[in-house]
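Q: give me a model of this one.
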Amino acid sequence: MTLLPEAEIERALQDDLSYWRLEDGGQAISREVEAPTFLDGIGLVQRVAQAAEEADHHPDIDIRYTRVTFKLSTHSAGGLTAKDLDLAGRIDALAGELPGS
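A: Residues are numbered from 1 along each chain as shown. Prediction:
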């Protein structure tokens with residue numbers, strides 16, 4: 001998998017993935033989602049897990065009560081690839097389905 005140029009990543013974060021931020025010196029992106037309830041957050045994690053399995057690309061997930069943080073990087077490529085941006089978009093869509101969104 002080919003690493004994305006920095007300009008393409010920055011453009012995606014500005015245009016389509018505005019909830020995401022660069023981390024780890026540009027090697028990863030992350031997003032925090034505040035769910036209405038703990039169970040809503042767990043449900044989101046389950047839906048993201050299904051999407052990740054389908055994409056064969058898995059985020060790091062941190063759950064803190066109603067706050068869920070997703071972090072993406074293609075470790076085998078050493079940074080960000082199209083797989084990361086694609087899954088980030090899917091996570092955004094799933095987070096948009098939360099009650100109150």
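
Q: center of this structure, which residue is that?
A: By C-alpha atoms, centre = their mean, the chain has its centre lying nearest to residue 88, at 3.8 Å.

Q: which pLDDT value belongs to that one?
A: Per-residue confidence (pLDDT) for residue 88: 98.

Q: likewise residue 100?
A: Note on residue 100: pLDDT of 87.

Q: show me what contacts it?
A: When contacts are counted by C-beta atoms under 8 Å, 6 or more residues apart in numbering, residue 100 touches residue 36. For every residue, glycine as well, the C-beta is placed using N, CA and C.

Q: tell me which helix or strand it sits in.
A: Under DSSP states H and E, no helix or strand contains residue 100.

Q: just confirm residue 48 is within a strand.
A: No: looking at residue 48 with DSSP: H, G, I helix; E, B strand; the rest coil, it is helix, so not inside a strand.

Q: burial count for it?
A: 21 (other C-beta atoms under 10 Å).

Q: that one is in contact with residue 59, isn't it?
A: Yes: at 6.9 Å, residue 48 counts as touching residue 59 under the criterion of C-beta atoms under 8 Å.

Q: show me whatever sits in contact with both of these two.
A: Common contact partners of residue 48 and residue 59 (C-beta under 8 Å, 6+ apart): 70, 91.

Q: for stretch 21-40, buried residues please.
A: Using 16 or more other C-beta atoms under 10 Å as the test for burial, stretch 21-40 gives 28, 29, 30, 31, 33, 35, 40.

Q: also stretch 61-80?
A: 68, 70, 71, 72, 73, 74, 79, 80.

Q: for the fourth one, which non-adjacent residue is spatially closest?
A: Okay, so that is residue 72. Excluding the flanking residues, the one nearest residue 72 by C-beta to C-beta, 6 or more residues apart in numbering is residue 84, at 4.2 Å.

Q: contact partners for that neighbour?
A: The neighbours of residue 84, taking C-beta under 8 Å, 6+ apart as the test, are 28, 29, 57, 72, 73, 74.

Q: 10 Å instead?
A: Taking C-beta atoms under 10 Å, 6 or more residues apart in numbering, we find residue 84 in contact with 1, 4, 9, 12, 17, 20, 28-29, 57, 59, 71-74, 77.
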